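# Sequence below, structure please.
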Amino acid sequence: MLDKLGIAGVLGVVVMLGGIAVVAWQAPIVAAGIAFVVAGLGLIVYGMIKNLMTAFGLGGGGMGGMP
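Just a heads-up that it's a prediction; the model follows:
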């Protein structure tokens, strides 16, 4: 997974987790809410990219493409 993210992606994950940790230090309930929002956004982006790749015939398992 780390090779797919690259340096900027790994640094982004570290900064994001650090920010949630700082919030959790003061307000654990708020930090849990932020973590759920971030996870939800990640799932939305994943779904959009997967659908886009399938539309271009890169998703695999769809109709069309080479056997």
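# so where does the closest residue to residue 24 other than its chain neighbours fall, helix or strand?
In this structure, residue 24 finds its nearest non-sequential neighbour in residue 31, 3.5 Å apart by Cβ to Cβ, 6 or more residues apart in numbering. C-beta here means a position set from N, CA and C on the backbone, and glycine is covered the same way. Using DSSP states H and E, residue 31 maps to helix 28-55.
# Give me the packing partners of that helix, helices and strands only.
helix 2-26 (3 or more Cβ pairs under 8 Å, 6 or more residues apart in numbering; DSSP states H and E).
# Tell me the spacing between residue 22 and residue 31.
Separation of residue 22 from residue 31 (Cβ to Cβ, to the nearest Å) stands at 9 Å.
# And those two? Which one has more around it.
Higher neighbour count among residue 22 and residue 31: residue 31, with 17 against 10, using other Cβ atoms under 10 Å.
# residue contacts, the nearest residue to residue 30 once chain neighbours are set aside?
Leaving aside its sequence neighbours, residue 30 sits nearest to residue 23 (Cβ to Cβ, 6+ apart; 5.8 Å). Residues in contact with residue 23 (Cβ atoms under 8 Å, 6 or more residues apart in numbering) are 30, 31, 34.
# Adding pLDDT and distance to residue 40, write those out as TSV.
Shown next, in TSV, are the contacts of residue 23 (pLDDT from 0 to 100; distance: Cβ to Cβ, whole Å):
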residue	pLDDT	distance to residue 40
30	93	16
31	93	15
34	93	11
